[in-house]
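In: Build the 3D model from these lines:
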Amino acid sequence: MTMILETIPALRELSLDHKMRLSWELAQEVSNSVEMRPDIMAMLNERLDAYEANREAVKTTDEVTAGLIAIKQRLSAAK
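Out: Numbering: from 1, shown residues only. Alright, predicted model coming up:
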């Protein structure tokens, strides 16, 4: 399967902000055009309930990104 970035190379030139916005717009379009299955809705409701029960367990995007960068740096240093 060909990656979308290979078929639309101009996507690589988008700024991070535009890429994030595009991903949000695509997700919105998909969510508006797809009928939600009951099993998917149940899973999403379970995840939302778990979040609401323990909001402190959630990491921000910045925290996740920092963790991934740290892992990448450790792996690069180990080479």
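In: which residue ranges form the strands in this protein?
Out: Taking DSSP state E, the chain contains no strands at all.
In: Work out which residue lies at the spatial centre of it.
Out: The centroid of the chain falls nearest to Ser23 when counting by C-alpha atoms, centre = their mean (8.4 Å).
In: Not counting stretch 46-57 itself, show me its contacts.
Out: Here stretch 46-57 makes contact (C-beta atoms under 8 Å, 6 or more residues apart in numbering) with Val58. All C-beta spots, glycine's among them, are computed from the backbone N, C-alpha and C.
In: average pLDDT for that stretch?
Out: Averaging pLDDT along stretch 46-57 yields 92.
In: and Met20, how many residues sit next to it?
Out: Residues lying near Met20 (other C-beta atoms under 10 Å) number 12.
In: One more: Thr7?
Out: Using other C-beta under 10 Å, Thr7 has 8 other residues around it.
In: Which pLDDT value does the model give Arg37?
Out: 86.
In: What is the burial count for it?
Out: The burial count for Arg37: 9, using other C-beta under 10 Å.
In: picking up where we left off before, what's the distance between the residue nearest to the centre of the chain and Thr7?
Out: From Ser23 across to Thr7, the span is 17 Å (C-beta to C-beta, to the nearest Å).
In: okay but Arg12 is in contact with Leu5, surely?
Out: Yes - using C-beta atoms under 8 Å, Arg12 makes contact with Leu5 at a distance of 6.1 Å.
In: which stretches of the protein have low pLDDT?
Out: Along the chain, the model assigns pLDDT under 70 to no residue.
In: change it to 80
Out: For the chain, applying pLDDT under 80 flags the ranges 1, 34, 36, 79.
In: And the helices in it, which stretches?
Out: Remark: helices assigned in the chain by DSSP state H are 4-7, 16-33, 38-53, 61-78.
In: Just the C-alpha atoms of the third one, please, in CSV.
Out: Right, helix 38-53. Written as CSV, here are the backbone C-alpha positions of helix 38-53 (Å, rounded to 0.1, in the frame of the first residue of the first chain):
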residue,chain,number,x,y,z
PRO,A,38,-22.4,0.3,19.0
ASP,A,39,-19.2,-1.6,20.0
ILE,A,40,-17.1,1.4,19.0
MET,A,41,-19.3,3.8,20.9
ALA,A,42,-19.2,1.5,24.0
MET,A,43,-15.3,1.5,23.9
LEU,A,44,-15.2,5.3,23.5
ASN,A,45,-17.6,5.7,26.4
GLU,A,46,-15.5,3.4,28.6
ARG,A,47,-12.3,5.4,27.8
LEU,A,48,-14.1,8.7,28.5
ASP,A,49,-15.4,7.3,31.8
ALA,A,50,-11.8,6.1,32.7
TYR,A,51,-10.5,9.6,31.9
GLU,A,52,-13.1,11.4,33.9
ALA,A,53,-12.5,9.0,36.9
